[in-house]
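Asker: Here is my input; please provide its structure:
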Amino acid sequence: MPNTPVLHCSNTPTGAKPLSSPDTLGTLFVVATPIGHMEDITLRAIRILKEAGLIAAEDTRQTRKLLTRYEVHTPVVSYHDHNKEKRTPGLLEKLRAGDSIALVTDAGTPSISDPGHYLVRAALEAAVPVVPIPGASASIAALSVSGLPTDSFVFIGFVPRKPAKRKGFLEKLKEEPRTLIFYESPKRLLSLIQEIIDLMGDRKAVVARELTKIHEETLRGSLSEILKVLTARSTLKGECTLLVGGHEETGKFDHNLILNELRRLRLETDRPLSDLVKEVAGKYGIPRKIVYEEALKLKAEAAGTGKFP
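Answerer: Purely as a prediction, here's the structure:
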């Protein structure tokens, strides 16, 4: 007989004081904070931050700026990727004792590509109530103004840093039809865009940088167009969200366009067939297999010309 899942349900606390009680379990509040503009925080979030017994913050220095702005005097402890395993037992002990804790990240919604998910999972396993206090999210903010399909999308977050793992990771996304949302450091953004072009083709894309901040910028166009603009700059700074259009069915491709582009390249260069296929596939976001099939037709057509080795 299969095991029946056990669902832990709890009423959402009203927030009326006190948020701490020795007679009941405390609550872990997952509190979204601004991703840039200080005014992008809800009234409820401010109240919870003031009433909680403790605030667990990824970066205490960044969080204190927000707390000072809204006159929040709740004690703050650090909770980040390097101390989460050591810090979690103590936080769970406080929650079991009836103290409520507000979990915040550097910016945006905690536990999304963030060490906060470790504490959330641990709290749930301990049957501690976990309540979301929703607000800003860079991925949703960027998607809402991207112009790319929003009815169905996939949040990818950060890709693996090691080249082999990253390539394999991206390869698995080639056939994904939904809009892809990535987070990436400005130091690695250009190389990521180039890798996506090489593996998935030159798709429609958006780079949203420094959202809600003074130097907010949203670039829209093909991946190659965006790459050209960013490559021309001496520096690239700020938090970056990259959105990439999903895979389209091969039947939608214009085969005459492929043939004409290959003919043009054949007249202009003596490069190998594989190089021309790669260039056309990348430029138009077409699978290499489709381009290669068209190239074979031209190879037969150009027999004896020496253009296709």
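
Asker: Look up which helix or strand I214 falls in, please.
Answerer: According to DSSP states H and E, I214 maps onto no helix or strand at all.

Asker: how close does it get to K237?
Answerer: When Cβ to Cβ, to the nearest Å is the yardstick, I214 and K237 sit 12 Å from each other. All C-beta spots, glycine's among them, are computed from the backbone N, C-alpha and C.

Asker: Contacts only, for I193.
Answerer: A205, L223, I226, L227, L230, L242 (Cβ atoms under 8 Å, 6 or more residues apart in numbering).

Asker: Might you report the residue contacts of the second one?
Answerer: For L223, the contacting residues are I193, I196, I197, D202, R203, K204, A205, V244, taking Cβ under 8 Å, 6+ apart as the criterion.

Asker: Name the nearest of the residues you listed relative to G157.
Answerer: Proximity to G157 was ranked across the contacts of L223 by Cβ to Cβ; first place goes to V244, at 13.4 Å.

Asker: That closest one and E184 touch, don't they?
Answerer: No: taking contacts as Cβ atoms under 8 Å, V244 lies outside contact range of E184: 11.4 Å.

Asker: count of residues packed around L148?
Answerer: 21 (other Cβ atoms under 10 Å).

Asker: Which parts of the stretch 1-150 of the chain are strands?
Answerer: Per DSSP state E, counting those that start in this stretch, the stretch 1-150 of the chain carries strands over the ranges 28-31, 54-57, 76-78, 101-104, 130-133.

Asker: of the contacts of I193, closest to A138?
Answerer: Among those, and counting by Cβ to Cβ, the member closest to A138 is L242, at 11.0 Å.

Asker: Three-state assignment for that closest one, please.
Answerer: For L242, the secondary-structure state derived from DSSP: H, G, I helix; E, B strand; the rest coil is strand.

Asker: Begin at 660 from now on, thanks
Answerer: In the new numbering, first residue 660, that becomes L901.
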